[in-house]
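Colleague: my questions are about this predicted structure, shown below with the sequence.
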Amino acid sequence: MASVATRPRAVPRFESLRAGLPGVVLLVGGLVLVSLFLRTRALGASLWMDEGLSIGIASQPFFEIPGVLRQDGSPPLYYLLLHVWMAVVGRGPADTQGLSVAISLLAIPGGLWAGWTLFGKRAGLICAALGALNPFLTYYAQETRMYTLMVVLSLLLTGAFLHVFVYRRRKYLPVFAVLLAAMLYTHSWGIFFTAGSLVAAVAAGLMSQDRRAFLKDVAIGYGAAFLLYVPWIPTLLYQTAHTGAPWLDPPRLGAPIQIAEGLLGGGTVTASLVLAAGSGIAAVFAARSNDRDRRAVLTILAMTVGTLAIAWLFSQFSPAWTTRYLGAALGPILLLAALGLARAGNLGIAGLVIVLGIWAIPHTGTLENKSNVADLGFATKDLLKPGDLVVTLQPEQAPLMDYTLRPGLDEATQLGEVKTQGVMDWRDAQERLKAATPEKNLTPLLDRLPVGRRVLLVHPVTSEIGDWDAPWTELVRRRGAQWGRAMELDDRFVREAAVPAFYRRAGRIGVRGVPYRKTEN
């Protein structure tokens, strides 16, 4: 039988927390160790192009990073953190991915705090366990990207939101405002989460007994976050006008399956959570003594569905939907699952064991083979010399080439010379690529190359045509073929053996290099 709280809970006092503190510390410490083990199985094994972008942007001078991001379309917080992290830890693949590992571990104490202070000790411990083993966090802990930070922020932000707007604990208002601003400064999906939280605020407001005080807190919380975000708005408006995601297709009706697989690890786990946690949620609604928990459930549902629905609808017109972005909605999902499992009694424990057992199975194949660019770097370390030209035929791969290949090389894409090494200039990129031709963008580079120098054309592997049908990717594939044809027809260059000699299939996007040596002017 499901266990149900009999009265509303206040925030636990320190004395009550201290009573069971040794056991909690041991359990949380064990979760941290298990999580650290799972989230370092493929650490440093491979980088793909988005990680090259992260390292390239974070390698710019600290105070220049916000300005550089006018070319990229992202907010600056993660890159500023990564810049500081690299200055202390290093720039190697494992070094930079270590920041994501460290952030992912914060989901454990973050889940403990959110679950315990809102729904009790059992919910807190369950939420900590879910945060320790969740496969989305485990995967992106081993990528040099901001997605683990988005999950942790969404978890903490959901907790702060519920404290303020459902349980009416106003002391959390500053926490809510700062966390919301931090999410907006981390990724553009922070805007969707903000919109989803406003949907949740409407739901909570309709259930509030003192709507005037509630609206005042909404104005304070969101107003303070907006004031913190104001300095970035001019850059955001510029990015909106000049950058975008033409490499994505609009999401379809299969999005729920994508969410279940991407965030929760597949159908078995999702079914287990729905059945076990759903039983606990039903118990919450069956209880007559704790109206605030029922309101919390409805509010979390409104926040989650609102965030994903708004993002899905927006992406029908301006695609911004891909699996790795969905982590912005994972925080409220974990918190709701923890509440449901905590209220489901023995069924909840059984469901938790099944979920954690599946999540604890390491899956490192894709992580170890995200890209074969490292193989290309090894194959060309003695072939290319300073002053040789590298033309990357998928422009957004250029930062990873700059990171991987030897220093001193000239760099270009179909868009022309790379002006800021380590950074992809997305400003009006689709229009510029449409206007690009080998005669305008390639021949001048070849003309000034001295005899004896080499040109390395780096082609993306486009054998999976279904992955190359978005407006940007289809054009990249077409332009790459045109650039390759132009090199073959240029009698001044002799083609040499392609590199690497063996193609190790990449889980994301693979590359192959075709070197040419200039024999005459």
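Modeller: Yep, it's here. Everything numeric here is computed off the predicted structure, so don't read it as measured data.

Colleague: for the residue nearest to Gly90 when sequence neighbours are not counted, give me its contacts.
Modeller: In space, and not counting its chain neighbours, Gly90 is closest to Thr96: 7.9 Å by C-beta to C-beta, 6 or more residues apart in numbering. Using the backbone N, CA and C atoms, a C-beta is placed for each residue, glycine as well. Counting by C-beta atoms under 8 Å, 6 or more residues apart in numbering, Thr96 touches 51, 54-55, 58, 82, 85-86, 89-90, 144.

Colleague: present those as JSON lines; the columns should include secondary structure.
Modeller: Output for the contacts of Thr96, formatted as JSON lines (DSSP: H, G, I helix; E, B strand; the rest coil):
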{"residue": "Glu51", "secondary structure": "helix"}
{"residue": "Ser54", "secondary structure": "helix"}
{"residue": "Ile55", "secondary structure": "helix"}
{"residue": "Ala58", "secondary structure": "helix"}
{"residue": "Leu82", "secondary structure": "helix"}
{"residue": "Trp85", "secondary structure": "helix"}
{"residue": "Met86", "secondary structure": "helix"}
{"residue": "Val89", "secondary structure": "coil"}
{"residue": "Gly90", "secondary structure": "coil"}
{"residue": "Thr144", "secondary structure": "coil"}
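
Colleague: report the buried members of the residues you listed.
Modeller: With neighbours counted using 16 or more other C-beta atoms under 10 Å, the contacts of Thr96 contain these buried positions: 51, 54-55, 58, 82, 85-86, 144.

Colleague: now for the residues you listed, which pair is the farthest apart?
Modeller: Pairwise distances across those peak at 13.6 Å for Glu51 and Trp85 (criterion: C-beta to C-beta).

Colleague: of the buried ones among the contacts of Thr96, which is the nearest to Arg505?
Modeller: Glu51 (18.4 Å).

Colleague: so how far is Phe136 from the most centrally placed residue in the chain?
Modeller: Within the chain, the residue whose C-alpha comes closest to the C-alpha centroid is Tyr147; the distance, by C-alpha atoms, centre = their mean, is 2.6 Å. According to C-beta to C-beta, to the nearest Å, Tyr147 stands 8 Å off from Phe136.

Colleague: what is in contact with those two at once?
Modeller: Residues touching both Tyr147 and Phe136 (C-beta under 8 Å, 6+ apart) are Gly327.

Colleague: and stretch 280-288, how far from the chain's centre?
Modeller: Distance of stretch 280-288 from its chain centroid, counting by C-alpha atoms, centre = their mean, to the nearest Å, is 34 Å.

Colleague: with stretch 452-466 instead?
Modeller: Here the centre of stretch 452-466 is set off from its chain's centre by 27 Å, with C-alpha atoms, centre = their mean.

Colleague: in it, what counts as buried?
Modeller: Judged by neighbour count (16+ other C-beta under 10 Å), stretch 452-466 contains these buried residues: 453-462.

Colleague: what's the helix or strand for the nearest residue in space to Arg343 that is not next to it in sequence?
Modeller: Leaving aside its chain neighbours, Arg343 sits nearest to Gly280 (3.4 Å; criterion: C-beta to C-beta, 6+ apart). Per DSSP states H and E: Gly280 is located in helix 267-286.

Colleague: just the buried residues of the next helix or strand after that helix, please?
Modeller: As assigned by DSSP H and E, the chain's next helix or strand after helix 267-286 is helix 291-315. For helix 291-315, a neighbour-count test (16+ other C-beta under 10 Å) marks 292-304, 306-308, 310-312, 314-315 as buried.

Colleague: same check on stretch 503-517?
Modeller: Of the residues in stretch 503-517, 506, 508-517 count as buried by neighbour count, 16+ other C-beta under 10 Å.

Colleague: and that stretch, what's its mean pLDDT?
Modeller: Averaged across stretch 503-517, the pLDDT comes to 89.

Colleague: between the two ends of it, how far is it?
Modeller: 22 Å (C-alpha to C-alpha, to the nearest Å).

Colleague: pLDDT weak spots in this structure?
Modeller: Counting by pLDDT under 70, the chain shows low-confidence ranges at 1-19, 245.

Colleague: which residue ranges form the strands in it?
Modeller: 389-392, 410-413, 416-417, 454-460, 493-495, 511-518 (DSSP state E).

Colleague: nearest to Ala132, of those strands?
Modeller: The nearest among these, by C-beta to C-beta, is strand 511-518 at 35.2 Å.

Colleague: got the angle for that closest one vs strand 454-460?
Modeller: 160 degrees (axes from the mean of the first three to the mean of the last three C-alpha atoms, to 10 degrees).

Colleague: identify the residues contacting Gly190.
Modeller: 75, 150, 153, 180, 183-184, 328.

Colleague: in helices, which of these fall?
Modeller: Using DSSP state H, the subset of those located in helices is 150, 153, 180, 183-184.

Colleague: Ala102 and Arg343: what is the separation?
Modeller: Taking C-beta to C-beta as the measure, Ala102 falls 32 Å from Arg343.

Colleague: could you do Thr366 as well?
Modeller: Distance of Thr366 to Arg343, given as C-beta to C-beta: 35 Å.

Colleague: give me the more crowded residue out of those two.
Modeller: Using other C-beta atoms under 10 Å as the criterion, Thr366 and Arg343 rank with Arg343 on top: 28 against 13.

Colleague: the more buried one contacts Gly278, correct?
Modeller: No: Arg343 is not in contact with Gly278 according to C-beta atoms under 8 Å; the separation is 10.4 Å.

Colleague: from the contacts of Gly190, pick the one nearest Gly120.
Modeller: Nearest to Gly120 among the contacts of Gly190, with distances taken as C-beta to C-beta, is Leu153, at 23.4 Å.

Colleague: show me the contacts for that closest one.
Modeller: By C-beta under 8 Å, 6+ apart, Leu153 lies in contact with 179, 182-183, 186, 190, 331.

Colleague: cool, Asp388 as well?
Modeller: 409-410, 453-456.

Colleague: circling back: what number of residues lie near the residue nearest to Arg343?
Modeller: Neighbours of Gly280 (other C-beta under 10 Å): 27.

Colleague: gap between it and Gly351?
Modeller: 9 Å.

Colleague: overlap in contacts of these two?
Modeller: Listed as contacting both Gly280 and Gly351 by C-beta under 8 Å, 6+ apart are 341, 344.
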